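Q: I need the structure of the sequence given here:
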Amino acid sequence: MKIENYVRDIQGFPKEGILFKDITPLLINPEARTNCLQILVDSLKGQKIDKVVGAESRGFFFGMLLAQELNAGFVPLRKPKKLPFETISASYELEYGSDSLEMHTDAIQKGDRVLIHDDVLATGGTAKAVCELVEKLGGEIVQCNFLMELSFLNGREKIKNNPIFAAITY
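A: A predicted model of the protein is given here:
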């Protein structure tokens, strides 16, 4: 089963000139979703993971499934002012603007082995910001893990000091 067959292209979303990769068909198909999860888990080669960090919002879908499968804690990264406890934040550039993410200050403990998960590695801005937050709290990044990578945007360069895996590469 090719999980690529469950990702559809949406032209001009969220703005003109962007070709959006919609993972909804993947999420609603139990067999495709399970297959994709197994591909992501297999990329870790039996590594011990203490926490899975998922970036809002599409990083939550498989991030939570990965945490469950790996018997690890799940750490949600949210947009500003969405988390109720003390937070740290990092800003980043997107291919179509800028934004920032926040994480609770007690979400990662020094020495925690962390899997970072998001749906797509594009320009690398989000992934770089997530890596900075994890490292600031003393976490050890085991892998930056993505459903897909848009390799033509060279996002890998921004996080090249970390192991990187993408289930699909465009």
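Q: For residue 92, pull up the helix or strand it's in.
A: According to DSSP states H and E, residue 92 maps onto strand 87-94.
Q: helices and strands around that strand, which ones?
A: strand 97-104, helix 125-136 (3 or more Cβ pairs under 8 Å, 6 or more residues apart in numbering; DSSP states H and E). (C-beta placed from N, C-alpha, C; glycine too.)
Q: Comparing these by mean pLDDT, which bottoms out?
A: Ranked by mean pLDDT, the helices and strands packed on strand 87-94 end with strand 97-104 in last place, scoring a mean of 90.
Q: which residues are in contact with it?
A: Applying Cβ atoms under 8 Å, 6 or more residues apart in numbering, the set of residues contacting strand 97-104 from outside is 53, 55-56, 75, 77-83, 85-92, 125-126, 129-130, 133, 137.
Q: how distant is it from the center of its chain?
A: Offset of strand 97-104 from its chain centre (Cα atoms, centre = their mean, to the nearest Å): 13 Å.
Q: Okay, buried residues for that strand please.
A: The neighbour-count check on strand 97-104 (16 or more other Cβ atoms under 10 Å) flags 101, 102, 103, 104 as buried.
Q: now those in CSV, with distance to residue 27?
A: Formatted as CSV, the buried residues of strand 97-104 follow (distance: Cβ to Cβ, whole Å):
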residue, distance to residue 27
101, 22
102, 25
103, 24
104, 26
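Q: re earlier: just the buried ones from the contacts of strand 97-104?
A: Judged by 16+ other Cβ under 10 Å, buried ones among those: 53, 55-56, 75, 77-78, 83, 87, 89-90, 92, 125-126, 129-130, 133, 137.
Q: so where is this protein shaky, pLDDT-wise?
A: 94-97 (pLDDT under 70).
Q: Give me the nearest residue to the residue nearest the centre of it, chain neighbours excluded.
A: Centroid-nearest residue in the chain: residue 118, 1.4 Å away (criterion: Cα atoms, centre = their mean). What sits nearest to residue 118 in space, not counting adjacent residues and going by Cβ to Cβ, 6 or more residues apart in numbering, is residue 59, at 4.0 Å.
Q: Do a quick rundown of the helices in this structure.
A: Here the chain has its helices, by DSSP state H, at 24-28, 30-42, 58-70, 125-136.
Q: Out of those, which one sits most buried?
A: Ranked by mean neighbour count under mean count of other Cβ atoms under 10 Å, the helices of the chain are led by helix 125-136, which reaches a mean of 22.
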